[in-house]
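the sequence and its predicted three-dimensional model are supplied below.
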Amino acid sequence: MARPILTAEQMRAAEAQSIATGTPETTLMERAGRALAEAVRLHVGPREVLILCGPGNNGGDGYVAARHLGAMGYPVRIAELAEPTTEAAKWAKTKLGGAIEPFESATEAPIVIDCLFGTGLSRALDESVFQRLLLLVDNALVAVACDLPSGVDSDNGALLSPIGRYHLTVTFGALKPAHRLMPAMANMGRVVLADIGVEADTRWTEIPEPDLPPLDPEGHKYSRGLVHCLAGQMPGAIALAATAAAKSGAGYVRVSTSLPITGLPSSIVQTGGADLNDERIGCILVGPGLGDVPQVLTLALTARHPIVIDADAIGLVGEPERLKGHDTILTPHEGEFKALFGEIAGSKPERALEAARRSQSVIVYKGPDTLVAAPDGRLAFALPAPAWLATAGTGDVLSGVIAALRARGLEPFDAACAAVWLHGRAAETAGPAMIADDLLEAIAAVLADL
């Protein structure tokens with residue numbers, strides 16, 4: 001099940017709708033605070049907890065969590081930045097007993113829960129606030145963020161103020177874009193989503209584990225999908241991509257090449273030329289190792305099959321509008337994205353969606369926070385991938401996986417999302433010493449587990 005992702009405005013609207021249909025705001029706060037306390041209980045045993053409460057509803061969640069953690073046997077201290085300003089937060093504070101200390105003089109604790117500011121923050125914290133917050137977070141045994149670390153822009157992942165490293169982030173109703181966008185994502189630790197009874201109707205989701213179609217027991221190599229790869233000037237890259245396609249379940253993979261490519265599995269057919277109008281082709285892959293050979297991309301676009309355009313071929317597209325009317329998936333990293341689409345204003349999600357609209361293509365906007373955008377407005381956020389995935393050739397492997405899944409019959413957006421998930425999981429399986437070649441066997445192992 002894909003977990004929903006909402007912007008700050010969408011989250012406010014969802015909560016308002018829940019309140020309008022009969023759920024009191026205090027009930028939502030009670031559910032959120034209880035979920036926060038439960039997440040802490042599951043993460044770490046009963047040691048002293050310091051809860052930092054801000055003036056808004058994020059602070060109100062903290063007051064509720066303090067009450068529940070106290071009932072669970074945790075020694076709890078509350079440090080208050082300011083008096084509550086919302087009715088729900090004022091209600092939550094009235095349910096507490098015991099003293100509350102000022103934030104500016106709060107001392108360290110083994111468990112620190114940051115409930116200062118959550119979704120919707122639009123400006124930097126005062127220096128005195130973020131300096132003390134950094135001190136408390138960085139010296140905690142376990143640091144927990146309520147909804148988001150204070151100082152993060154929830155819609156684009158920007159750091160409005162410096163933030164420490166958290167071990168756990170607990171959010172409510174839906175994920176926020178910042179949970180899956182850099183640079184904020186790197187500091188959040190494990191992200192837990194709690195259901196508080198808010199309906200999240202959105203076209204933005206986290207990429208889930210794929211539900212791949214089973215193989216047809218009456219199928220054959222062509223019905224499983226023929227991937228045709230177009231080679232260029234650097235054979236190693238297309239070899240990685242073609243092998244990845246074969247390992248990802250394509251029934252038949254062939255490579256058009258002027259010179260034999262060494263290192264390819266014997267099952268991959270090398271041909272000096274092939275009819276790209278062959279109706280059996282399920283997907284054409286062009287770009288890995290291509291070099292400056294624009295006529296090869298033109299040949300692929302003339303064939304009218306689904307196409308994955310990667311690497312060098314992205315730089316040969318010219319104008320994004322050229323791709324309208326074609327069934328295309330583009331896989332740019334940041335430099336390739338800017339070279340093709342120019343400087344698009346807005347957050348990374350907004351840029352990805354605008355690129356998909358201009359090109360009428362599915363865009364796999366690669367990076368440590370990979371996004372998959374469709375022309376119809378769907379947007380999928382990848383799970384955090386291991387840092388060791390950033391090594392030469394891994395993008396070629398990804399393009400081969402996408403081509404195989406597209407050739408197997410998945411729709412472009414679904415093929416891209418499934419491939420991104422498999423790629424990240426394979427990197428986890430391969431381990432930190434991996435090179436791109438290691439991903440090939442790892443992908444096969446992950447598919448076997450599925």
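Cool, the structure landed. Please read all numbers here as calculations on a predicted model, not as lab measurements.

got any ranges where the stretch 201-350 of the chain has weak pLDDT?
Scanning the stretch 201-350 of the chain for pLDDT under 70 picks out nothing.

let's see 90
Where the stretch 201-350 of the chain drops to pLDDT under 90, the residues are 201-202, 213-216, 258-260, 262-263, 272-275, 277.

strands of that one, start to end?
Along the stretch 201-350 of the chain, the stretches classed as strands by DSSP state E, counting those that start in this stretch are 204-206, 226-230, 252-256, 269-271, 281-286, 307-309, 328-330.

return the most buried member of those.
Among these, strand 307-309 has the highest mean neighbour count (mean count of other CB atoms under 10 Å), at a mean of 31. Any C-beta I mention is one placed from the backbone N, CA and C, and that applies to glycine too.

export the strands of the stretch 201-350 of the chain as a markdown table, with columns for distance to residue 151.
Listed next are those as a markdown table, based on distance: least, CB to CB, whole Å:
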| stretch | distance to residue 151 |
| --- | --- |
| strand 204-206 | 23 |
| strand 226-230 | 46 |
| strand 252-256 | 48 |
| strand 269-271 | 54 |
| strand 281-286 | 42 |
| strand 307-309 | 38 |
| strand 328-330 | 34 |
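
quick one: closest of these to residue 421.
strand 204-206 (9.9 Å; CB to CB).

give me the residues contacting the closest one.
Under the contact criterion CB atoms under 8 Å, 6 or more residues apart in numbering, strand 204-206 has outside partners 2-6, 175, 177, 180, 349, 378-383.

need phi/psi at the residue nearest the centre of the chain.
Geometric centre of the chain, nearest residue: residue 382, 2.4 Å, by CA atoms, centre = their mean. Per-residue torsions, residue 382: phi -70, psi 150 (degrees, to the nearest 10).

from residue 351, how far out is it?
Computed with CB to CB, to the nearest Å, the distance linking residue 382 and residue 351 is 16 Å.

of the contacts of strand 204-206, which belong to helices?
Judged by DSSP state H, these include residue 349 as members of helices.

what is the distance between stretch 28-48 and the centre of its chain?
Stretch 28-48 sits 25 Å away from the centroid of its parent chain (CA atoms, centre = their mean, to the nearest Å).

quick one: the residue lying closest to residue 317 once chain neighbours are set aside from residue 116, how far?
Spatial nearest neighbour of residue 317, chain neighbours left out: residue 340 (5.8 Å); criterion: CB to CB, 6 or more residues apart in numbering. Separation of residue 340 from residue 116 (CB to CB) stands at 41 Å.

among the two, which residue is more densely surrounded?
Just comparing residue 340 and residue 116: by other CB atoms under 10 Å the higher neighbour count belongs to residue 116, 28 against 22.

wait, what's in contact with the more buried one?
The contact partners of residue 116, by CB under 8 Å, 6+ apart, come to 52, 53, 54, 58, 59, 81, 103, 125, 129, 133, 150.

please repeat the previous calculation with a cut-off of 6 Å.
For residue 116, the contact set (CB atoms under 6 Å, 6 or more residues apart in numbering) comprises 52, 54, 81, 150.

likewise residue 326?
Each residue near residue 326 by CB under 6 Å, 6+ apart is listed here: residue 301.

let's see 7 Å
301, 307 (CB atoms under 7 Å, 6 or more residues apart in numbering).

how near is it to residue 415?
Distance from residue 326 to residue 415, by CB to CB: 15 Å.

give me the secondary structure label for the nearest residue to residue 104 once chain neighbours are set aside.
Excluding its sequence neighbours, the residue lying closest to residue 104 (CB to CB, 6+ apart) is residue 132, at 6.6 Å. Assigned by DSSP: H, G, I helix; E, B strand; the rest coil, the conformation of residue 132 is helix.

picking up where we left off before, was I right about the residue nearest to the centre of the chain contacting residue 424?
Yes. Contact criterion CB atoms under 7 Å: residue 382 and residue 424 qualify, at 6.3 Å.

measure how buried residue 47 is and give me the count.
Count around residue 47 with other CB under 10 Å applied: 12.

got the phi and psi for it?
Per-residue torsions, residue 47: phi -120, psi 170 (degrees, to the nearest 10).

quick one: residues contacting the residue nearest to it when sequence neighbours are not counted.
In this structure, residue 47 finds its nearest non-sequential neighbour in residue 110, 4.3 Å apart by CB to CB, 6+ apart. By CB under 7 Å, 6+ apart, residue 110 lies in contact with 47, 48, 140, 141, 142.

report the buried members of those.
Burial by neighbour count, 16 or more other CB atoms under 10 Å: within these this picks out 140, 142.

mark which of the contacts of residue 110 are part of strands, please.
If you go by DSSP state E, the contacts of residue 110 have residue 142 in strands.

just the contacts of residue 110 now: which is nearest residue 266?
Closest to residue 266 out of the contacts of residue 110 is residue 142 (52.6 Å), distances taken as CB to CB.

look up how far residue 402 lies from the nearest residue to residue 49 once chain neighbours are set aside.
The spatially closest residue to residue 49, leaving aside those adjacent along the chain, is residue 111, at 4.4 Å (CB to CB, 6+ apart). Residue 111 sits 43 Å away from residue 402 when distances are taken as CB to CB.

neighbour-wise, which of the two wins?
residue 402 (34 against 25).

counting by contacts, list what the helix or strand hosting the more buried one packs against.
For residue 402, the host element (DSSP states H and E) is helix 394-407. Applying 3 or more CB pairs under 7 Å, 6 or more residues apart in numbering; DSSP states H and E, one finds that helix 394-407 makes contact with strand 226-230, helix 235-247, strand 281-286, strand 307-309, helix 412-430, helix 436-449.
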